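>>> missing the sequence, but the structure's below:
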Ligand code: 5GP
Ligand code: MN
Ligand code: MN
């Protein structure tokens with residue numbers, strides 16, 4: 001199958017409506033990034049998504065796009081909340097996978113000679129790896145509280161403070177969570193994995209602010225050159241995975257009842273107003289809340305580890321949650337469409353919310369400048385902090401990219417790393433890395449991802465989010 005990409009301007013390509021497509025496709029990218037994608041099938045997936053009933057305006061993809069289950073990773077699609085569908089594949093298996101960044105009062109000089117101790121201590125205190133289990137084994141009652149309260153549950157147990165909740169997307173709890181819509185198997189998988197990083201692509205990274213692009217916004221975000229920050233990337237672990245799996249199975253079985261032809265079984269979906277659609281939203285919210293509690297706990301242990309390792313008080317460290325964003329989620333939100341405000345269900349799969357200044361969903365402290373947007377690159381590079389824009393609100397349902405995005409499969413990356421000492425290579429670049437999985441570092445080499453600068457350049461020029469600061473990695477623990 002061939003895909004027609006019509007260049008609209010320096011950063012946008014449209015895919016014209018053909019066949020059963022209800023809307024056109026719209027891809028944010030660059031010639032360089034499109035070329036690097038080779039024969040990745042995600043543009044075809046953008047077309048497939050455009051077939052789903054109730055989709056509004058266009059089927060979108062961000063410059064970090066690559067192939068995903070059904071929907072592309074880097075994909076954004078909004079559906080009419082009344083007449084549209086919801087699709088678990090449009091959220092992804094790791095429901096509310098996301099990032100949080102913690103800023104500090106430390107400068108790189110304060111930790112330069114302690115990096116080795118820091119990375120070892122973090123690796124020791126943050127449980128990681130495939131199927132890793134945490135120090136907690138939740139009772140059924142506790143787990144229900146986690147699923148409904150999210151970050152607030154973690155804070156109530158002494159993991160962090162009220163302030164952390166203020167700077168978490170949705171205050172770390174999505175409304176409508178109903179544990180009765182979560183299968184016993186998913187509940188079981190969630191019992192002992194809270195407070196764990198997980199595998200592979202998930203990480204905890206110590207970073208240093210290298211460059212400030214927007215001094216005004218950086219000041220509001222509390223960022224300055226030379227400052228130490230920590231970025232945590234993880235999600236809802238086995239619980240979220242199981243919920244996705246359960247609802248895909250349920251929706252696949254009922255696809256004929258939808259009464260609409262769908263080009264790919266992986267796009268299994270239900271009407272938002274159907275029982276299955278509502279049940280999925282209620283279960284998805286549970287997984288989202290679990291992920292927020294998870295990141296909140298990991299942040300707490302990160303703070304403790306810094307205190308012990310550097311022998312500094314919380315006050316001296318000043319480790320503050322800049323923001324926590326989700327990048328795998330479906331949300332009921334309101335956006336202007338053709339001049340009217342419309343209730344939509346926005347699917348962001350490997351895409352970050354990028355809300356503009358003044359949006360009521362933002363914490364008061366950021367309302368003047370816009371939402372902090374956290375974009376990681378790879379373990380040898382670091383990340384960017386960006387800020388949300390009005391353009392994204394008007395054009396992409398308040399969304400931007402979520403990372404650099406893969407260009408190599410895990411298998412390809414492993415082959416490309418054969419015979420190499422990846423930890424040594426990273427150390428030579430100034431990054432101390434430790435990983436739980438034996439093959440993780442080989443699968444996660446920097447070349448396995450697109451160049452972060454290229455991806456950031458596209459979203460910045462397209463106006464979907466603006467550059468605030470660039471951070472370089474100095475320590476990274478991987479799953
Ligand atoms: P995903 O949620 O799609 O698995 O990953 C999000 C993004 O994180 C990836 O697209 C990649 O660019 C970035 N990433 C993966 N591993 C690392 C890492 O160890 N450090 C940093 N800074 N970014 C990473
Ligand atoms: Mn994830
Ligand atoms: Mn993720």
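Perfect, I can see it now. The shown structure was predicted, so the numbers you read here are calculated from the model rather than taken from an experiment. Ligands and ions are numbered 1, 2, ... in the order given.
>>> chain center to the worst-scoring helix or strand of the chain on mean pLDDT: distance?
Among the helical and strand segments of the chain, the one scoring lowest on mean pLDDT, DSSP states H and E is helix 255-258, with a mean of 89. Here helix 255-258 is found 30 Å from its chain centre; the criterion is CA atoms, centre = their mean, to the nearest Å.
>>> which pLDDT value goes with the residue of the stretch 201-350 of the chain found nearest ligand 2?
Closest to ligand 2 within the stretch 201-350 of the chain is residue 235: 4.0 Å, counting by CB to the ion. C-beta coordinates here come from the backbone N, C-alpha and C atoms, glycine included. Among the per-residue scores, residue 235 holds a pLDDT of 98.
>>> what is the least confident helix or strand of the chain packed up against?
Using 3 or more CB pairs under 8 Å, 6 or more residues apart in numbering; DSSP states H and E, no helix or strand is in contact with helix 255-258.
>>> now do the buried residues in that helix.
255, 258 (16 or more other CB atoms under 10 Å).
>>> stretch 2-12 now?
3, 5, 11.
>>> give me the subset of the residues you listed touching ligand 2.
Among these, not one lies near ligand 2 by CB under 5 Å from the ion.
>>> hmm, which of those residues is lowest in pLDDT?
residue 3 (94).
>>> name the helix or strand for that one, please.
Under the criterion DSSP states H and E, no helix or strand holds residue 3.
>>> also the one 4 residues further on?
Residue 7 belongs to strand 6-9 when assigned by DSSP H and E.
>>> show me which residues of the protein sit near ligand 1.
64, 73, 97, 201, 203, 205, 233, 350, 376-379, 382-383, 402-405, 444, 449, 473, 476, 478 (CB under 6 Å from any ligand atom).
>>> pull the contacting residues for residue 163.
Going by CB atoms under 8 Å, 6 or more residues apart in numbering, residue 163 touches 320-321.
>>> so is it in a helix, a strand, or just coil?
What DSSP: H, G, I helix; E, B strand; the rest coil gives for residue 163 is helix.
>>> now residue 65
With three-state DSSP as the criterion, residue 65 reads strand.
>>> now the one 5 residues further on
For residue 70, the reduced secondary structure class is coil; criterion used: three-state DSSP.
>>> next, whichever residue of the stretch 51-200 of the chain sits closest to ligand 1: phi, psi?
Going by CB to the nearest ligand atom, ligand 1 is nearest to residue 97 of the stretch 51-200 of the chain, at 4.9 Å. Note on residue 97: backbone dihedrals following degrees, to the nearest 10 are phi -60, psi 140.
>>> okay, now the closest residue in space to residue 326 that isn't next to it in sequence: neighbour count?
In space, and not counting its chain neighbours, residue 326 is closest to residue 98: 3.9 Å by CB to CB, 6 or more residues apart in numbering. Neighbours of residue 98 under the rule other CB atoms under 10 Å: 28.
>>> sorry, back to before: for the residue of the stretch 201-350 of the chain closest to ligand 2, give its distance to residue 208.
According to CB to CB, to the nearest Å, residue 235 stands 25 Å off from residue 208.
>>> and those two? which has more neighbours close in?
Taking other CB under 10 Å, residue 235 and residue 208 do not tie; residue 235 has more neighbours (29 against 20).
>>> related to what we said a few turns ago, was I right about the residue nearest to residue 326 contacting residue 295?
Yes: counting by CB atoms under 8 Å, residue 295 is a contact partner of residue 98 at 6.9 Å.
>>> could you tell me which residues touch both of the two?
With CB under 8 Å, 6+ apart, residue 98 and residue 295 have common neighbours 234, 324.
>>> quick one, helices of the stretch 1-150 of the chain?
31-36, 42-49, 108-111, 115-125, 140-149 (DSSP state H, counting those that start in this stretch).
>>> mind listing residues that contact the longest one?
So that's helix 115-125. 111, 204, 206, 301-302, 304-306, 308-310, 432-434, 474-477.
>>> go with 7 Å
111, 204, 206, 301-302, 305, 308-309, 432, 434, 474-475, 477 (CB atoms under 7 Å, 6 or more residues apart in numbering).
>>> among these, which are in strands?
204, 206, 432, 434, 474-475, 477 (DSSP state E).
>>> circling back: can you put the contacts of helix 115-125 in CSV and add neighbour count?
Output for the contacts of helix 115-125, formatted as CSV (neighbours: other CB atoms under 10 Å):
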residue, neighbour count
111, 20
204, 27
206, 28
301, 19
302, 21
305, 21
308, 12
309, 17
432, 19
434, 17
474, 20
475, 24
477, 26
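>>> what is the nearest of those residues to residue 247?
Relative to residue 247, the closest of the contacts of helix 115-125 is residue 204; by CB to CB it sits at 29.5 Å.
>>> how about the contacts made by the nearest residue to residue 190 once chain neighbours are set aside?
Setting aside the residues directly before and after it, residue 190 is nearest to residue 239 in space (CB to CB, 6+ apart), at 3.4 Å. Counting by CB under 7 Å, 6+ apart, residue 239 touches 186, 189-190, 193, 287, 290.
>>> just the ones of those residues in strands?
Among those, no member is found in strands (DSSP E).
>>> where are the low-confidence patches of this structure?
1 (pLDDT under 70).
>>> contact residues of it facing ligand 2?
Contact residues, the chain versus ligand 2 (CB under 5 Å from the ion): 94, 97, 235.
>>> one more pass at 6 Å, please.
By the rule CB under 6 Å from the ion, the part of the chain lying against ligand 2 is 94, 97, 202, 235.
>>> closest to residue 440 among these?
residue 202 (9.8 Å).
>>> that closest one: what's it in contact with?
Here residue 202 is in contact with 233-234, 479 (CB under 7 Å, 6+ apart).
>>> okay if I get those as CSV plus secondary structure and distance to residue 34?
Listed next are the contacts of residue 202 as CSV, based on DSSP: H, G, I helix; E, B strand; the rest coil; distance: CB to CB, whole Å:
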residue, secondary structure, distance to residue 34
233, strand, 26
234, strand, 30
479, coil, 30
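>>> as a markdown table, those residues with neighbour count would be great.
Shown next, in a markdown table, are these (neighbours: other CB under 10 Å):
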| residue | neighbour count |
| --- | --- |
| 233 | 26 |
| 234 | 26 |
| 479 | 24 |
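>>> where along the stretch 251-400 of the chain do the helices fall?
Under DSSP H, counting those that start in this stretch, the stretch 251-400 of the chain gives helices at 255-258, 275-310, 314-317, 390-395.
>>> deepest of those helices, which one?
Comparing the helices of the stretch 251-400 of the chain by mean neighbour count (mean count of other CB atoms under 10 Å), helix 275-310 ranks first with a mean of 24.
>>> and that one, how far from the chain's centre?
On CA atoms, centre = their mean, the centre of helix 275-310 falls 12 Å from the chain's centre.
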